[in-house]
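Asker: Predicted model, plus sequence, below.
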Amino acid sequence: MQRRDPFQVIKEALAKTLVFFYPLAGRLREGPGRKLSVDCTGEGVLFIEADADATLEQFGDALYPPRCIYGSGEMINCPLLLIQVTRLKCGGIVFALRLNHTMSDATGSNQFLSAMCEMVHGAQTPSIQPVWERHILMARNPPQVTCSHHEYDQLADTADNIPLTMKTHRSFFFGPADLSAIRGLAPPHLRHCSTFDVLTAFLWRCRTIALQPNPNDEMRVIVIVNARNRFNPPLPRGYYGNCTGYSVAMATAGEISRNSLGFTLGLVRKAKANVTEEYMRSVADLMVIKGRPWYTMVSSILPGKKNGEDGILVTLCLPTPAMERFEKELESTFKEQSNGGGDAKSPLSSL
């Protein structure tokens, strides 16, 4: 059987999928108070076909920071979904996607991509019907902020004046033995916590130590929570809009450095627990009252990870001297664990 052109296969599946996810083919408009709405114009999405004079093997295993797809820097009156398919010399392809988070979150984008895959395999409709009921998360009338939302604190950024040329991007792979070793650092009553909680708390602590801030400086970690099941009743199955809560755990650098992993782990768990239905309603009201403010990244870390069959890949960007200290902190931690009889190796060895 002759192999079909991957460009054409993906393009056809995309067109079929957009029939069911039609708002993604529209355009964002901005109204009074920076209120956003979707104009379902059917103008379509941006689809780019490209060829690269390289093989997949030449890219190596390192994970690099994402780059903006051409023409994708704006948000208002622009395509909401951007896909680039790059054909490689070896016959493989690279599939790149950029989705406007005003429209959807990771859960929603996964639903969209799953529907596309079903179309590739001949389906006529998605197995999970997409639900566009954005009114569920509309602000109340009158709006009332009932929770603390430190993610939207307007803080002066006095520390991060270091140019990108003096920063280092690295990716760290944590395999099962590494994750088990990190979990072993937690107190017994917290060892049942999720891998996300344990790894986030561990990275927050290591990063703080590596940065060497003033002990009284406030350090933050932003915890991303899928809030679909925090509602009563839960949001409809198939809801693909953005339903992400950004909750903040905070402590001084001195507290984080002096205390064990259990301290930061407890703060991460508390931040996740803060995301309730009332919290999400309060966020929606805050958007109206303050005119859609930006969430702050000052003195913060926003954990990113990629699950694989054998572990989790984490990307990080730090000033170069701090990155060197971060690596040493990892090496020291896993060396101590291996001396204690564990099988963990430094994630540095897995890059």
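Answerer: Sure, I can see it.

Asker: quick one: contacts for Ala284?
Answerer: Leu137, Met138, Ala139, Arg140, Pro143 (Cβ atoms under 8 Å, 6 or more residues apart in numbering). Quick note: C-beta positions are derived from backbone N, CA and C, even for glycine.

Asker: Please name the nearest non-neighbouring residue to the first one.
Answerer: If I follow you right, that is Leu137. In space, Leu137 comes closest to Ala284 once its chain neighbours are excluded; the distance is 5.7 Å by Cβ to Cβ, 6 or more residues apart in numbering.

Asker: mind checking which helix or strand the one you found is in?
Answerer: With secondary structure defined by DSSP states H and E, Ala284 is part of helix 277-290.

Asker: residue contacts, the closest residue to Trp294 other than its chain neighbours?
Answerer: Spatially, and ignoring its direct neighbours in sequence, Trp294 is nearest to Tyr152 (7.6 Å; Cβ to Cβ, 6+ apart). By Cβ under 8 Å, 6+ apart, the contact set of Tyr152 is Leu286, Lys290, Pro293, Trp294, Tyr295, Thr296.

Asker: need the strands for the stretch 51-200 of the chain, in chain order.
Answerer: Along the stretch 51-200 of the chain, counting by DSSP state E, counting those that start in this stretch, strands occupy 81-87, 93-99, 167-174.

Asker: Adding mean neighbour count, distance to Val275 and mean pLDDT as columns, could you present those strands in a markdown table?
Answerer: Below are the strands of the stretch 51-200 of the chain laid out as a markdown table (neighbours: other Cβ atoms under 10 Å; distance: least, Cβ to Cβ, whole Å; pLDDT from 0 to 100):
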| stretch | mean neighbour count | distance to Val275 | mean pLDDT |
| --- | --- | --- | --- |
| strand 81-87 | 19 | 27 | 93 |
| strand 93-99 | 15 | 22 | 90 |
| strand 167-174 | 18 | 25 | 86 |
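
Asker: I'd like the ones you listed laid out as CSV, including distance to Ala13.
Answerer: Below are those laid out as CSV (distance: least, Cβ to Cβ, whole Å):
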stretch, distance to Ala13
strand 81-87, 11
strand 93-99, 12
strand 167-174, 30
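
Asker: now for these, which one comes closest to Phe21?
Answerer: With Cβ to Cβ as the measure, strand 81-87 is the member of those nearest Phe21 (8.6 Å).

Asker: Next, the angle strand 93-99 makes with the closest one.
Answerer: 170 degrees (axes from the mean of the first three to the mean of the last three Cα atoms, to 10 degrees).

Asker: Residues in contact with strand 81-87: which ones?
Answerer: Residues outside strand 81-87 that contact it (Cβ under 8 Å, 6+ apart): 6-7, 10, 14, 24-25, 45-52, 69, 71-72, 93-100, 103.

Asker: what about Met116, how many neighbours?
Answerer: Using other Cβ atoms under 10 Å, Met116 is surrounded by 22 other residues.

Asker: ditto for Cys206
Answerer: That count, for Cys206 with other Cβ under 10 Å as the rule, works out to 23.

Asker: What separation is there between it and Met219?
Answerer: Counting by Cβ to Cβ, to the nearest Å, the separation of Cys206 from Met219 is 12 Å.

Asker: quick one, domains of this protein?
Answerer: Listed by automatic domain parsing, the domain ranges of the chain are 6-130, 155-350.
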